[in-house]
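In: Using only what follows, build the 3D model:
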Amino acid sequence: MGIKVLINGFSLLNGENAQKVAILFDEKIIDIRESDSFDLSFERIDVDGSLIIPGGVDPHVHFNDPGFTSNETFSTGTTAAAFGGVTTIIDMPCTSLPPVTTVNNLKNKLNIIKEKAVVDYSMWGGITPESSFEDIEELYRFGVAAFKSYTISGMDTFKALSYSDIEKIFNHFSGTNTVFGFHAEDFSVIKNSIEAQTDDELKTVQGYLKARPIEAEVVAIKNILKLAKKYDVYIHIVHISSKEGVNLLKDYPKASCETCPHYLEFTGDDLYNLKGRLKTAPVVKNSEDREFLRDGLSNGSVNFVSTDHAGVFWGDLKLNSDFSKVYNGIPGVQLMIPYLFSEFYEKTLSLKKMIEISSENAAKRFKIYPQKGAMLIGSDADFTILKKEEWLLDESQLQSIGKYSPFYQKKLSWRVVSTFVRGVEVFSIKDGLKVNFGFGRYIPAQVD
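Out: Reported below is the predicted structural model:
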């Protein structure tokens, strides 16, 4: 690969806001300057006043490969990521067959997806009631970014942990640097909420909202947090959706959380109109929770944003008249960066803060920084090029198998026009996908 220079772009050199930059790179970033004073023999790429940020990191996606590939594959999922300026994804362990709960299962998955990815990828490991301490330790040494568990699960192939299961795991890994991530909704609270309704009520949008109350998230986080403090372990709450849930975590330095674009934009009132386009678990909450999460991006109580990308073909699974049977999941990786920049950049958040919530903080938390999530000398030359331009989503242009989004009627003001991974342009708005499947690489977390 020859050495190239990005010119006439704006990025973060120091401080909070964008400055004009010239970036020298091959597979890695070689140098960054305020002006183009590099050797004239290097190839120039003129980005025409666009914004250059570190490639986006989405630390929570379900690309379902191998196993549930009718919903999503690594080919379609990573293509959507490339179109959306996400250069590194971290895939969840639960929607694979077999699930990523052992090193052998992880090796099997990596062997299958290595010819499919077009952006780089890391992996979560999974913990179920069948997991052994040895399984967890081996996965950690193999470089999984963190470990995912559920306190409630609808998957026969990836069952939830009880709080006593969690205590045994925390006790064994007390004082270590292992990060334990949780889908935190309490099983008993949800069970009681369901049993308090009639069968006909449960078939409605209102029934679903009542079935997954804020209390479910709060009770689960309280129980997990109490055990984390007792055994001195790192915890991470995925797709947090409530004000009270975030507030519980703020006084424990080994706790972190992520939220998703749909929790930043929508409330339960929107579910009545958007229906399957917005049905997720946890469900979106109320306006007070939404505003608190938005504020949390600026004050740091919410550490970063992910998508919980979990789409499905737009058909019977999303259009069932019985809302309780509508699939819980939406695609999101292609729209995360455009949404965040359209909604927050130059309005409430500086460029520095935008980079933190869209790449840097997740890369740090999951131990792939500064290789990923940074524009530093020696970092991978992963760039997302954004242009200020109003546009409206055409759902048919989504690269996921699921071509639907709750954002389909929202006017966006920033668009991804180019995506670079390790110095190679993998997507341009003019040409679409520009690399072959298999270009993406596995990025193991840095093991202590």
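In: Could you use CA atoms for every contact and neighbour count after this?
Out: OK.
In: Can you get me the start-to-end distance on stretch 389-401?
Out: 26 Å (CA to CA, to the nearest Å).
In: For that stretch, buried residues please.
Out: Applying a neighbour-count criterion of 16 or more other CA atoms under 10 Å, the buried positions in stretch 389-401 are 393, 398-401.
In: so what's the residue positioned nearest the centre of the chain up against?
Out: Nearest to the geometric centre of the chain sits residue 306, at 2.9 Å (CA atoms, centre = their mean). Contacts were defined as CA atoms under 8 Å, 6 or more residues apart in numbering; by that measure residue 306 touches 58-61, 239, 258-261, 336, 358.
In: Same check on residue 236?
Out: 179-182, 255-258.
In: Tell me the confidence at the closest residue to residue 397 other than its chain neighbours?
Out: Nearest non-adjacent residue to residue 397, counting by CA to CA, 6 or more residues apart in numbering: residue 403, 7.6 Å away. Note on residue 403: pLDDT of 97.
In: what does residue 398 give?
Out: Taking residue 398 on its own, its pLDDT is 98.
In: how near is it to residue 407?
Out: Residue 398 is 12 Å from residue 407, where distance means CA to CA.
In: ditto for residue 54
Out: Residue 54 sits 24 Å away from residue 407, going by CA to CA.
In: neighbour count winner among these two?
Out: Taking neighbours as other CA atoms under 10 Å, residue 54 and residue 407 compare with residue 54 leading, 29 against 21.
In: The more buried one and residue 375 touch, don't they?
Out: Yes. Residue 54 lies in contact with residue 375 (CA atoms under 8 Å); the separation is 5.6 Å.
In: and for the two, which residues touch both?
Out: Common neighbours of residue 54 and residue 375 (CA under 8 Å, 6+ apart) are residue 382.
In: ok, now which ones touch the closest residue to residue 86 other than its chain neighbours?
Out: In this structure, residue 86 finds its nearest non-sequential neighbour in residue 56, 4.1 Å apart by CA to CA, 6+ apart. Residue 56 makes contacts with 85-88, 337, 358-359, 373, 384, as judged by CA under 8 Å, 6+ apart.
In: Quick one: these as JSON lines, columns for secondary structure and neighbour count too.
Out: Shown next, in JSON lines, are those (DSSP: H, G, I helix; E, B strand; the rest coil; neighbours: other CA atoms under 10 Å):
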{"residue": "85", "secondary structure": "coil", "neighbour count": "35"}
{"residue": "86", "secondary structure": "strand", "neighbour count": "32"}
{"residue": "87", "secondary structure": "strand", "neighbour count": "30"}
{"residue": "88", "secondary structure": "strand", "neighbour count": "30"}
{"residue": "337", "secondary structure": "helix", "neighbour count": "29"}
{"residue": "358", "secondary structure": "helix", "neighbour count": "27"}
{"residue": "359", "secondary structure": "helix", "neighbour count": "28"}
{"residue": "373", "secondary structure": "coil", "neighbour count": "28"}
{"residue": "384", "secondary structure": "strand", "neighbour count": "27"}
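In: from those residues, which single one is nearest residue 140?
Out: In terms of CA to CA, no member of the contacts of residue 56 lies closer to residue 140 than residue 88, at 19.2 Å.
In: The one helix or strand residue 420 maps to packs against which elements?
Out: According to DSSP states H and E, residue 420 maps onto strand 411-421. Here strand 411-421 is seen to pack against helix 74-83, strand 86-91, helix 336-344, strand 383-392, strand 424-428 when contacts are counted using 3 or more CA pairs under 8 Å, 6 or more residues apart in numbering; DSSP states H and E.
In: Quick one, which of the ones you listed gets closest to residue 444.
Out: strand 86-91 (10.1 Å).
In: what's next to the closest one, contact-wise?
Out: Residues from elsewhere that reach strand 86-91 (CA under 8 Å, 6+ apart): 55-63, 78, 81, 119-124, 145, 333-334, 337, 372, 382-384, 419-421.
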